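K.L.:
No sequence on hand, only this structure:
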């Protein structure tokens, strides 16, 4: 790998607390090694839409230095902004206007989609980037491997509240999401208890239940997860029993957005995003209707989703974000690329960039979840990593 003089960095997919500390740490580390950092705005869209003849294209390209990143680690979101652009599958109505018809025809893949990888590679070359750091979840990082295979040195940094990226036990944003969910549930206990109802909390997790399980772990509540279809009759029985035996006459359950009960299909609605994902029908309200129909019990449904990704990161996410950035820079300094920074067995490590064919990482249900009681496992943790989970990718 040739000496690094210019590094590109971008954030893709949903925002989470902790992205800005990664960006700042990369900039400060690069400055110490004499390299420039180019911020690419709006995720992969920055490299599909930037205008090569306009440098810097301020709409999509932002040079970063110690001055303009000095304060960013104190806030949430991402100063580079983000999008769910899939450069391999661009819709006709989402294409940049400056691309020539001849170039478009060469990239057309049928059904109104275009593979913009040639444009992305041209733009990386025009920016003079020696390597690129992509911060994102499975969707964003799946394209990082495409560029690595095309000869662009890539490092991936995992972020998602779902904590389900293959190759790592921890993703930036996860701890803050659990902290916020715990605070919100603790506050809402007073209202749910005052009205003597069953409280249902819908939480992120379309494919994996890490966020629901860990929130249930720290709030001592029931939870249902995407990894296993739950017995609705049994859940209703347990919740009614909880309410009856609770001196305050209320009960709580946390539902991952991808959870479904036996005999029911996961229903989706709306237009698919750039990676083929459609919104799932609200499990919280569906569950509330079934509880009311079966028992007559009143419920309160609360959507714990976007509140969990806003605002500044907690201490754990701040620490992990800074460390992930420094590990990424260490790898690049040592000439190592095509890797994902992560945590394995509770220790900082690196793994192959996620293979989309593997799908999201899943909970180890047998070791982490009591199916009969709808609760996390609290025993048998000796020898397990701090965050309880396991990862098998090396």
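P.N.:
That came through fine. Quick caveat: nothing in here was measured; it's all calculated off a predicted structure.
K.L.:
Going by C-alpha atoms from here, please, whenever you check contacts or count neighbours.
P.N.:
Noted.
K.L.:
and for stretch 121-135, what are the contacting residues?
P.N.:
The contact list for stretch 121-135, computed with C-alpha atoms under 8 Å, 6 or more residues apart in numbering, reads 2-12, 19, 47-48, 50, 52, 140-141, 144, 147, 152-159.
K.L.:
Just list what the helix or strand residue 349 falls within packs against, helices and strands only.
P.N.:
In this assignment (DSSP states H and E), residue 349 forms part of strand 347-352. Strand 347-352 sits against strand 339-344, with contacts defined as 3 or more C-alpha pairs under 8 Å, 6 or more residues apart in numbering; DSSP states H and E.
K.L.:
Mind giving me the ChimeraX select for the contacts of stretch 121-135, buried ones only?
P.N.:
Remark: buried members of those, expressed as a ChimeraX selection using 16 or more other C-alpha atoms under 10 Å:
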select :4,5,6,7,8,9,10,11,12,19,47,48,50,52,140,141,144,147,152,153,154,155,156,157,158,159
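K.L.:
So which of the contacts of stretch 121-135 sit within helices?
P.N.:
19, 47-48, 140-141, 144, 147 (DSSP state H).
K.L.:
Just send those residues back as a markdown table, with pLDDT and distance to residue 334 too.
P.N.:
Below are the ones in helices among the contacts of stretch 121-135 laid out as a markdown table (pLDDT from 0 to 100; distance: C-alpha to C-alpha, whole Å):
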| residue | pLDDT | distance to residue 334 |
| --- | --- | --- |
| 19 | 98 | 24 |
| 47 | 96 | 26 |
| 48 | 96 | 29 |
| 140 | 92 | 24 |
| 141 | 94 | 21 |
| 144 | 95 | 19 |
| 147 | 97 | 20 |
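K.L.:
and of those residues, the nearest to residue 110?
P.N.:
residue 48 (18.4 Å; C-alpha to C-alpha).
K.L.:
do you know how far the closest one is from residue 6?
P.N.:
According to C-alpha to C-alpha, to the nearest Å, residue 48 stands 19 Å off from residue 6.
K.L.:
go on, residue 321?
P.N.:
Taking C-alpha to C-alpha, one finds residue 321 at 21 Å from residue 6.
K.L.:
Also residue 376?
P.N.:
46 Å.
K.L.:
Domain-wise, how is the protein divided?
P.N.:
6-172+313-358, 174-310+364-376 (automatic domain parsing).
K.L.:
In terms of mean pLDDT, which of these ranks lowest?
P.N.:
Here the lowest mean pLDDT among the domains of the chain goes to domain 174-310+364-376, at a mean of 91.
K.L.:
which other helices and strands contact the longest helix seen in the chain?
P.N.:
Looking across the chain with DSSP H, the single longest helix is helix 174-194. Counting by 3+ C-alpha pairs under 8 Å, 6+ apart, the packing neighbours recorded for helix 174-194 are helix 210-219, strand 299-304, helix 315-333.
K.L.:
which residue lies farthest from the center of this protein?
P.N.:
Distance to the chain centre peaks in the chain at residue 247, reaching 38.1 Å (criterion: C-alpha atoms, centre = their mean).
K.L.:
So which of the domains of the chain is the most surrounded?
P.N.:
domain 6-172+313-358 (a mean of 20; mean count of other C-alpha atoms under 10 Å).
K.L.:
one step back: among the helices and strands packed on helix 174-194, which is nearest residue 85?
P.N.:
helix 315-333 (23.1 Å).
K.L.:
What about the contacts of stretch 121-135, which are in strands?
P.N.:
Among the contacts of stretch 121-135, the ones falling in strands (DSSP state E) are 6-11, 154-158.
K.L.:
dump the residue contacts of residue 225.
P.N.:
So residue 225 contacts 208-209, 212-213, 255-256, 258-260 (C-alpha under 8 Å, 6+ apart).
K.L.:
let's go with 10 Å and repeat that
P.N.:
Contact analysis of residue 225 by C-alpha atoms under 10 Å, 6 or more residues apart in numbering lists 205-213, 254-261, 363, 365, 369, 371, 374.
K.L.:
residue ranges of the strands in the stretch 1-150 of the chain, please?
P.N.:
Ranges of strands in the stretch 1-150 of the chain, per DSSP state E, counting those that start in this stretch, are 6-11, 36-40, 61-64, 90-91, 108-110, 113-114, 131-136.
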